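> coords below, sequence missing:
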């Protein structure tokens, strides 16, 4: 079983930065074998893929809407995944959730087995 917990959300002005964290806990070494992704959902909108990182940390993939502004990474122990968000825009406002799956990365939410509760990000103009 894998448990995920997000932190780092908050309110910022447009052009500002936030760093989200996704802490992974499991009974074994499962966390180090998981691909992790961030998704977001704004009120009244569908859940949207943001970024994903492989279990090794060497493969990353981003949605076009955040490419060049957001960076996903994971720490050396592979237990925590970060999403550095720069040049934030009002349209980035959403609840951000991290998700994990074994083996290969994916940009499809239905492929992910484990989910955190989410953290709110609000960007004002």
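The structure has been received and is ready for your questions. Quick caveat, the model's predicted, so the values are computed rather than measured.

> List the contacts of residue 72.
Counting by Cβ atoms under 8 Å, 6 or more residues apart in numbering, residue 72 makes contact with 36, 38, 51-53, 60, 62, 81-84. Using the backbone N, CA and C atoms, a C-beta is placed for each residue, glycine as well.

> same thing but 7 Å
38, 51-53, 60, 81, 83 (Cβ atoms under 7 Å, 6 or more residues apart in numbering).

> ok, now residue 33?
By Cβ under 7 Å, 6+ apart, the neighbours of residue 33 are 55, 102.

> what kind of secondary structure is residue 32 in?
Per DSSP: H, G, I helix; E, B strand; the rest coil, the local secondary structure of residue 32 is helix.

> In which helix or strand does residue 21 reside?
Using DSSP states H and E, residue 21 maps to strand 18-26.

> Name the next helix or strand following that strand along the chain.
In N-to-C order, the element after strand 18-26 by DSSP H and E is strand 34-41.

> Against which helices or strands is that next one packed?
Other helices and strands packing on strand 34-41, by 3 or more Cβ pairs under 7 Å, 6 or more residues apart in numbering; DSSP states H and E, are strand 48-53, strand 94-102.

> Mean pLDDT, mean neighbour count and distance to residue 115 added to those, as CSV?
Below are those laid out as CSV (pLDDT from 0 to 100; neighbours: other Cβ atoms under 10 Å; distance: least, Cβ to Cβ, whole Å):
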stretch, mean pLDDT, mean neighbour count, distance to residue 115
strand 48-53, 98, 23, 13
strand 94-102, 96, 22, 5
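
> any chance of those in JSON lines, plus distance to residue 77?
Output for the helices and strands packed on strand 34-41, formatted as JSON lines (distance: least, Cβ to Cβ, whole Å):
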{"stretch": "strand 48-53", "distance to residue 77": "14"}
{"stretch": "strand 94-102", "distance to residue 77": "15"}
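
> can you tell me how far the spatially most central residue of the chain sits from residue 98?
Among the residues of the chain, the one closest to the centroid is residue 38, at 2.5 Å (Cα atoms, centre = their mean). Using Cβ to Cβ, to the nearest Å, residue 38 is found at 5 Å from residue 98.
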